[in-house]
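Enquirer: Could you work out the structure for the sequence below:
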Amino acid sequence: MPATRLTRRAFHLSAAAAAAAVAAPSFAQSAWPSKPIRIVVPYTPGGFTDQMARLVQPGLQAQLGQSVIIDNKPGANSLIGVDAVAKAAPDGSTFGVVIAAYAANTTLYPKLPYDPGKDLVGVSLMGVSPLLAAVNNDAPFKTARELIDYARANPGKVSFGSSGNGSAAHLTTELWKSLTHTYMIHIPYRGAVPALTDLMGGQIQLFFDAPTGLIAQGKAGKVRLIGVASERRLPAVPDVPTFIEQGFAGFTGSTWAGMLAPAGTPRDIVKRMSDAVARIIKSEDTKARLDAMGTIPAGSTPEEFDAFIAAETRKWGGVIRTAGVKAE
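Expert: Alright, predicted model coming up:
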């Protein structure tokens with residue numbers, strides 16, 4: 001009998017210990033975040049990616065009770081910054097905000113310093129932004145049709161900038177070149193801000209970018225907005241026609257912003273960050289700010305964003321192969 005009681009007592013003690021061991025990780029994770037959170041932006045300050053990260057920064061600090069630091073790591077068409085996220089400790093203290101180039105880079109670069117499928121996981125799609133096209137005020141064309149007519153008559157005399165080789169701006173312009181059978185010279189920059197600076201200075205004649213980078217300059221008369229690569233006009237610039245309206249059937253192109261985490265980050269932390277981002281994105285205040293930026297709000301689940309990235313990777317991969325785009 002004593003032996004039986006001892007056995008039963010040992011069984012119950014073992015069961016309690018096992019339950020405590022199972023509960024321990026959840027208890028530890030519920031304390032997240034226990035230190036400041038770093039959000040890596042793989043581009044220069046001031047561009048669309050940086051603006052989207054800073055848009056959610058105050059809300060995340062308020063919701064999570066920790067400081068949120070934006071860490072700009074530009075270079076190599078976002079590879080440097082994304083690699084920093086991929087190699088960060090998966091403890092919920094590091095996240096990254098990326099754009100469409102992240103999906104394109106999978107095809108563009110034969111050897112990446114990280115494995116998109118193994119080293120990174122989606123957190124939330126934040127917003128989708130149809131691209132605007134702007135030309136220099138002194139360019140010998142004032143509309144999209146005039147630009148194409150000029151480019152056809154003067155092959156190679158029109159140069160266009162982008163925020164990086166393989167960026168959404170670059171690939172969207174390549175798609176337009178293909179549709180219009182024109183030859184224009186690509187000038188890649190390390191971010192949208194230096195490209196816009198050279199557009200205003202006349203060093204390049206054409207630049208596609210997220211609306212947030214061009215709306216203010218267009219309204220101020222510093223550049224001429226000639227078209228939006230969307231099926232509908234943007235409420236923020238209702239006077240700018242779509243390319244489809246101007247006779248370029250089916251021509252659309254957009255960028256997007258979304259948050260990633262290092263693979264191995266506990267799923268409950270990824271989910272909690274995703275929920276926090278979605279709450280901010282879907283708030284009336286943020287939606288109004290995104291509308292002014294020409295950006296359609298999202299706020300997806302991690303699973304939805306992973307599926308979105310997979311679809312974007314296939315889409316941009318096809319454009320890269322068709323246009324023969326090579327990494328520089």
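Enquirer: what's across from the closest residue to Ile296 other than its chain neighbours in the sheet?
Expert: Closest residue in space to Ile296, ignoring its immediate chain neighbours: Val128 at 4.8 Å, by C-beta to C-beta, 6 or more residues apart in numbering. For glycine as for every other residue, the C-beta is placed from the backbone atoms N, C-alpha and C. Bridge pairing for Val128 (DSSP bridges) gives the partners Trp256, Ile296.
Enquirer: where exactly do the strands run in the protein?
Expert: 37-41, 68-72, 94-98, 120-130, 132-135, 159-162, 185-188, 206-209, 224-228, 254-262, 296-297 (DSSP state E).
Enquirer: Could you identify which of those is most buried?
Expert: A comparison of the strands of the chain by mean neighbour count, using mean count of other C-beta atoms under 10 Å, puts strand 206-209 on top with a mean of 28.
Enquirer: What strands flank that strand, and is each parallel or antiparallel?
Expert: Strand 206-209 pairs in its sheet with strand 132-135 (antiparallel), strand 159-162 (parallel), by DSSP bridges.
Enquirer: for that strand, what is the average pLDDT?
Expert: Averaged over strand 206-209, pLDDT sits at 96.
Enquirer: Leu132 versus Lys87, what's the distance?
Expert: Per C-beta to C-beta, to the nearest Å, Lys87 is found 35 Å from Leu132.
Enquirer: Revised request: answer the last question for Glu304.
Expert: 26 Å.
Enquirer: just Pro266 next, same as before
Expert: 39 Å.
Enquirer: can you check Ala210 too?
Expert: 8 Å.
Enquirer: which neighbours do the two share?
Expert: Gly294 (C-beta atoms under 8 Å, 6 or more residues apart in numbering).
Enquirer: Can I get stretch 313-326 as CSV, trimmed to CA atoms?
Expert: Taking Å, rounded to 0.1, in the frame of the first residue of the first chain, the C-alpha atoms of stretch 313-326 are listed here in CSV:
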residue,chain,number,x,y,z
THR,A,313,7.4,36.4,-56.1
ARG,A,314,5.8,34.6,-59.0
LYS,A,315,4.5,37.8,-60.6
TRP,A,316,7.7,39.8,-60.5
GLY,A,317,9.8,36.8,-61.5
GLY,A,318,7.8,36.7,-64.7
VAL,A,319,8.5,40.4,-65.4
ILE,A,320,12.2,40.0,-64.7
ARG,A,321,12.5,37.0,-67.0
THR,A,322,10.5,38.6,-69.8
ALA,A,323,12.4,41.9,-69.6
GLY,A,324,15.8,40.3,-69.2
VAL,A,325,16.5,42.3,-66.0
LYS,A,326,19.8,41.5,-64.5
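Enquirer: If you count neighbours, what's buried in it?
Expert: Residues of stretch 313-326 classed as buried by neighbour count (16 or more other C-beta atoms under 10 Å): Thr313, Trp316, Val319, Ile320, Val325.
Enquirer: Now do the same contact list for the first one.
Expert: So the one you mean is Thr313. Thr313 makes contact with Ala103, Ala104, Thr106, Thr107, Pro116, according to C-beta under 8 Å, 6+ apart.
Enquirer: Same question for the last one.
Expert: With contact set as C-beta under 8 Å, 6+ apart, Val325 has these partners: Leu108, Asn165, Gly166, His170, Leu171, Glu174, Val319.
Enquirer: In a markdown table: those, plus distance to Ile80 and pLDDT.
Expert: Formatted as a markdown table, the contacts of Val325 follow (distance: C-beta to C-beta, whole Å; pLDDT from 0 to 100):
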| residue | distance to Ile80 | pLDDT |
| --- | --- | --- |
| Leu108 | 15 | 92 |
| Asn165 | 14 | 80 |
| Gly166 | 14 | 82 |
| His170 | 18 | 92 |
| Leu171 | 20 | 92 |
| Glu174 | 23 | 92 |
| Val319 | 23 | 83 |
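Enquirer: Counting neighbours, which of these comes out on top?
Expert: When neighbours are counted by other C-beta atoms under 10 Å, Gly166 leads the contacts of Val325 with 30 neighbours.
Enquirer: coming back round to it: for the residue nearest to Ile296, what are its contacts?
Expert: Ser254, Thr255, Trp256, Thr295, Ile296, Ala298 are the contacts of Val128 under C-beta under 8 Å, 6+ apart.
Enquirer: same thing but 10 Å
Expert: Applying C-beta atoms under 10 Å, 6 or more residues apart in numbering, we find Val128 in contact with 100, 210, 230, 254-258, 290, 295-298, 308.
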